[in-house]
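*Asks:* structure of the sequence below:
(4 chains)
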Protein chains: 2
Amino acid sequence: MDPQPRSATRTRLLEAATEVFAERGFRGATLREIAERAGANLAAANYYFRSKEGLYLEVARHQLEALEAGLEREGGSTQPEDVDRLPRSRLVDVLHRWIETTLEILLEEPGHHGTLMVRELAEPSEALPQIVRRSLDPLRRRIERLLSRLAPELSQAEIERCTRSIGAQIYFYRTHRAALLLLLGRDDYPRGFVREIADHITEFSLGGIERLAAPRRTQPAARVPRRAGRRSR
Amino acid sequence: MDPQPRSATRTRLLEAATEVFAERGFRGATLREIAERAGANLAAANYYFRSKEGLYLEVARHQLEALEAGLEREGGSTQPEDVDRLPRSRLVDVLHRWIETTLEILLEEPGHHGTLMVRELAEPSEALPQIVRRSLDPLRRRIERLLSRLAPELSQAEIERCTRSIGAQIYFYRTHRAALLLLLGRDDYPRGFVREIADHITEFSLGGIERLAAPRRTQPAARVPRRAGRRSR
DNA sequence: GCCGGCTTCAAACATCCGTTTTATACGTTC
DNA sequence: GAACGTATAAAACGGATGTTTGAAGCCGGC
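*Replies:* The predicted structure is shown next:
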């Protein structure tokens, strides 16, 4: 793929940096440790990437490319456009597949992509826009497209909110992983966890969508009552 | 409350440290900046808190105490035990209130509590167990209790999963705030956003719960089909 | 076989940061 | 008012880190 095969040292630096940045974050990582793991000289990082920040951004870029390539290979990435040609009966199956695939990617070990994302959310850098555009947004667009076919009664705003509810349930198991494991008293998710969670999120979300779509199919049903005024954001 | 009123310098240090740690994280914060904002000497932080880490942990402790006190004042904190005495007709209202109150706390400006939580999730420290025990777990227990009354057909495992789905939707707007604002092309959530989101999360989640409880009320309905084997986590 | 580039290397540089030290001022107590 | 524990101040210490420098190594081309 690359025009010139790039230096082997450069590649090893990139790999080592991916690990160290994931383990310690941008600030916590040191060029000395990265160089040591890569078996390279301390000056090499600055030679190839100009600065620590340059190395970090290159790691992020590389991670996102690998993610996109992985999704391409994996069957899990039915293209957004394909949704429109799918029979309605298969939409739920596709949704379930996306949820499970995304969970697998986010929770996989060593899970550099998920770690990078969580760190960027906590302390955004120039890499966050890339992550949003190349990782979060594609999933969002697919789900929105699918929901607008699955529940055409919903308004655009409702579809967007439902999409966020689905994404929220998926990403939760990554962003809150440390807290969840503390609550569960475990040091890793149990075997079969991803499947269990994917099943649940799918069912739960279908229920949510049904309920939001229902009033427009029959007559308006009882919704949450609004109570006296409070200040709002 | 405090036996001795504590030093004013100590208090100003704590306030300044809360800001700086929220803005820059533990590593990014410097005692020099904290001391400067507090109008104190550089050595003061070590004098009162023994070390930078001691100061950080004290900030975390203080934040959680403020959170608990705030919840106490706010009507939003119906005690978990009270749920059992509530008429079933009011359960939904209470759930909606909890969701909205939690969103308000997490998204409020300057939102030190939410920021601290997100940073701890990205890079856990000794403060995370405290956050889990005093912030996440109380909400979890309340919702579980409520759901077990609202949908007694659900198994314990299902209730736990539904509780996580509700929590996930709430926390999403905090953990993914930076990404969401990028997607929305805004630099802050619009006015009235919390109310809109709280309404949505409540309805969406009620739908999810209904769907999961439904098969046991009538006959088993069509669920997501399981397909051929894949490796699982 | 020497020249040119690209790459590697060891060392030094400059800066920043948490912490400690030491001295001085303050306030209370006997 | 002397003594003493507490609080504040300035300065220095010791270590780590990103970056730069300048020399040495490598290697193909002429």
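*Asks:* contacts, neighbours, all on C-alpha from now
*Replies:* Fine.
*Asks:* distance of the residue lying closest to residue A:107 once chain neighbours are set aside relative to residue A:184?
*Replies:* Excluding the flanking residues, the one nearest residue A:107 by CA to CA, 6 or more residues apart in numbering or on different chains is residue A:174, at 6.4 Å. To residue A:184, residue A:174 is 14 Å away according to CA to CA, to the nearest Å.
*Asks:* pull out the buried residues from the lengthiest helix in chain A.
*Replies:* Counting by DSSP state H, the longest helix found in chain A is helix A:193-217. Buried residues in helix A:193-217, defined by neighbour count with 16 or more other CA atoms under 10 Å in any protein chain shown: A:194-195, A:197-214.
*Asks:* chain B next: which of these are close?
*Replies:* A:194-195, A:197, A:199-212 (CA under 8 Å from any CA of the partner chain).
*Asks:* about what we covered before: go ahead and confirm the residue nearest to residue A:107 touches residue A:109.
*Replies:* No. Judged on CA atoms under 8 Å, residue A:174 makes no contact with residue A:109 at a distance of 11.7 Å.
*Asks:* neighbour count: these two, which is higher?
*Replies:* Neighbour tally, residue A:174 and residue A:109, criterion other CA atoms under 10 Å in any protein chain shown: the higher count belongs to residue A:174, 22 against 11.
*Asks:* residue contacts, the more buried one?
*Replies:* A:106-107, A:114, A:118 (CA atoms under 8 Å, 6 or more residues apart in numbering or on different chains).
*Asks:* same thing but at 7 Å, please
*Replies:* A:106-107, A:114 (CA atoms under 7 Å, 6 or more residues apart in numbering or on different chains).
*Asks:* what's the angle from the helix or strand hosting it to helix B:193-217?
*Replies:* For residue A:174, the host element (DSSP states H and E) is helix A:156-175. Angle, helix A:156-175 to helix B:193-217, by axes from the mean of the first three to the mean of the last three CA atoms, to 10 degrees: 80 degrees.
*Asks:* tell me the first helix or strand C-terminal of helix A:156-175.
*Replies:* helix A:177-184.
*Asks:* any part of that following helix near chain B?
*Replies:* Yes. Using CA under 7 Å from any CA of the partner chain, helix A:177-184 reaches chain B at A:178-179.
*Asks:* equivalent analysis for stretch A:29-38, please.
*Replies:* No. Judged by CA under 7 Å from any CA, stretch A:29-38 makes no contact with chain B; its nearest approach is 11.1 Å.
*Asks:* ends of stretch A:38-45, what's the gap?
*Replies:* 10 Å.
*Asks:* flag every residue of chain A that's near DNA strand C.
*Replies:* Within chain A, the positions lying close to DNA strand C (CA under 7 Å from any atom of the strand) are A:6-10, A:39-44, A:47.
*Asks:* now, which of those lie within helices?
*Replies:* Reading helices off the residues of chain A next to DNA strand C with DSSP H, I get A:8-10, A:44, A:47.
*Asks:* turn those into CSV, columns for pLDDT, distance to residue A:63 and neighbour count.
*Replies:* Formatted as CSV, those follow (pLDDT from 0 to 100; distance: CA to CA, whole Å; neighbours: other CA atoms under 10 Å in any protein chain shown):
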residue, pLDDT, distance to residue A:63, neighbour count
A:8, 94, 18, 10
A:9, 97, 18, 17
A:10, 97, 15, 17
A:44, 98, 21, 16
A:47, 98, 21, 11
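*Asks:* export those residues to JSON lines and tack on distance to chain B?
*Replies:* Output for those, formatted as JSON lines (distance: CA to the nearest CA, whole Å):
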{"residue": "A:8", "distance to chain B": "31"}
{"residue": "A:9", "distance to chain B": "29"}
{"residue": "A:10", "distance to chain B": "28"}
{"residue": "A:44", "distance to chain B": "25"}
{"residue": "A:47", "distance to chain B": "26"}
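*Asks:* tell me, which of the residues you listed make contact with DNA strand D?
*Replies:* Within these, those near DNA strand D by CA under 7 Å from any atom of the strand are residue A:47.
*Asks:* quick one: the closest residue to residue A:112 other than its chain neighbours and residue B:71, what's the gap?
*Replies:* In space, and not counting its chain neighbours, residue A:112 is closest to residue A:22: 6.0 Å by CA to CA, 6+ apart. Distance of residue A:22 to residue B:71, given as CA to CA: 35 Å.
*Asks:* neighbour count for those two, which is higher?
*Replies:* residue A:22 (22 against 16).
*Asks:* next one: the host helix or strand of the more buried one to chain centre, how far?
*Replies:* Take DSSP H and E as the rule and residue A:22 turns out to sit in helix A:8-28. Helix A:8-28 sits 21 Å away from the centroid of its parent chain (CA atoms, centre = their mean, to the nearest Å).
*Asks:* what angle separates that helix from helix B:8-28?
*Replies:* 160 degrees.
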